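Novice: Predicted structure and sequence below. I'll ask about it afterward.
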Amino acid sequence: MDFSRLLPGRVSRKAHTEPVSQITSSQELSSPYLDGRREWNERYGDYIKQKHTWQLLAFASLGIAAVALVGNVYQASQTKVRTYIVQLDKFNNPMKVTSADEAAPSDPRYVANQLEKFIIYTRSVTTDPRVQKGWLADAYAMSAPAVVQFLNDYYKKPENEPFERAKREVVTVKVSPATPMYGSQQSWQVEWEETRYSLQGQVLGRARYQAQLQAGHADITDPEKIMKNISGTIATTLSWNQRL
């Protein structure tokens, strides 16, 4: 039995369902906004990716350059100039090649010769300023810091300054062979005679002197200093006085 007919005011209605429109994925992708967004992503995304790649390459290049620079600096700091002494016979033919590091301390004859030249360079006076300057440069190249200070103090006195003395006199030095003190290979004594001449060639006086020196060895790497002191033999201490 249909009870709806017995109830007043009730109207029977059939359910009506409207179809709902669906937005397909193809419609979504064809949206003007999304199309523009996709184009921006594709275009500028490539730019950003390329920029990132170049940044990585740049940082890698800087890293390689830094490593190479550090390597070059380290290699340069490890570079050492080694000096060799070539002994010649009377015909100037090479007889023996010896490292200066080995030859200098072991040959007392060479040490004695260096100390004798040191006295000549420090005590001689000439009117040729170029030669005088060369003597002083050679002497200082053979001097340890303590001896450099000794020479500076000596030359500060006006009566000892060689360029001033050259305005009034010339001094020649005749050196006797250097001898080791008490058989030592480190401490030496050198005696010499100085003759003073006027600028006209007249003898002004003669005097005898003696010096006590200690000899050492220095590793010289400067090319200019090597040419002045090839063996590295230096005077480490110095004192001198006139003999009465």
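Specialist: Nice, I can see it.

Novice: From here on, just use CA atoms for contacts and neighbour counts.
Specialist: Will do.

Novice: Buried residues in whichever strand in the chain runs longest, which are they?
Specialist: Assignment by DSSP state E gives strand 203-217 as the longest strand of the chain. The neighbour-count check on strand 203-217 (16 or more other CA atoms under 10 Å) flags 208, 210-217 as buried.

Novice: mind listing the strands for the protein?
Specialist: Using DSSP E, strands in the chain cover 84-88, 94-99, 169-175, 179-180, 187-198, 203-217, 233-243.

Novice: Adding pLDDT and distance to residue 135, write the buried residues of strand 203-217 out as a markdown table.
Specialist: Shown next, in a markdown table, are those (pLDDT from 0 to 100; distance: CA to CA, whole Å):
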| residue | pLDDT | distance to residue 135 |
| --- | --- | --- |
| 208 | 98 | 21 |
| 210 | 97 | 19 |
| 211 | 98 | 18 |
| 212 | 97 | 20 |
| 213 | 96 | 19 |
| 214 | 95 | 20 |
| 215 | 93 | 19 |
| 216 | 90 | 20 |
| 217 | 84 | 20 |
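
Novice: about what we covered before: just tell me which of the strands of the chain ends up closest to residue 158.
Specialist: strand 169-175 (13.5 Å; CA to CA).

Novice: Pull that closest one out as PDB, backbone CA atoms only.
Specialist: Output of strand 169-175 as PDB, limited to C-alpha atoms (Å, rounded to 0.1, in the frame of the first residue of the first chain):
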ATOM      1  CA  GLU A 169     147.100  58.600   2.100                       C
ATOM      2  CA  VAL A 170     147.300  55.100   0.700                       C
ATOM      3  CA  VAL A 171     147.800  52.000   2.800                       C
ATOM      4  CA  THR A 172     149.300  48.700   1.600                       C
ATOM      5  CA  VAL A 173     149.100  45.500   3.500                       C
ATOM      6  CA  LYS A 174     151.600  42.600   3.500                       C
ATOM      7  CA  VAL A 175     150.200  39.600   5.300                       C
END
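
Novice: Any chance you could list what contacts that strand?
Specialist: 116, 119-120, 123-127, 190-199 (CA atoms under 8 Å, 6 or more residues apart in numbering).

Novice: same question, stretch 183-202
Specialist: Residues from elsewhere that reach stretch 183-202 (CA under 8 Å, 6+ apart): 108, 112, 115-116, 167-181, 203-216.

Novice: and it, how far apart are its ends?
Specialist: 41 Å (CA to CA, to the nearest Å).

Novice: Show me which of the contacts of strand 169-175 are buried.
Specialist: 116, 119-120, 123-127, 190-197.

Novice: Can you say which two of these are spatially most distant?
Specialist: The most widely separated members of these, counting by CA to CA, are 127 and 190 (25.3 Å).

Novice: Beta-bridge partners for residue 233, please?
Specialist: residue 217 (DSSP bridges).

Novice: Just give me the neighbour total for it.
Specialist: Each residue near residue 233 was counted by other CA atoms under 10 Å, and the total is 26.

Novice: and if you look at residue 232?
Specialist: By other CA under 10 Å, 26 other residues sit near residue 232.

Novice: Quick check: it vs residue 142, distance?
Specialist: Distance of residue 232 to residue 142, given as CA to CA: 8 Å.
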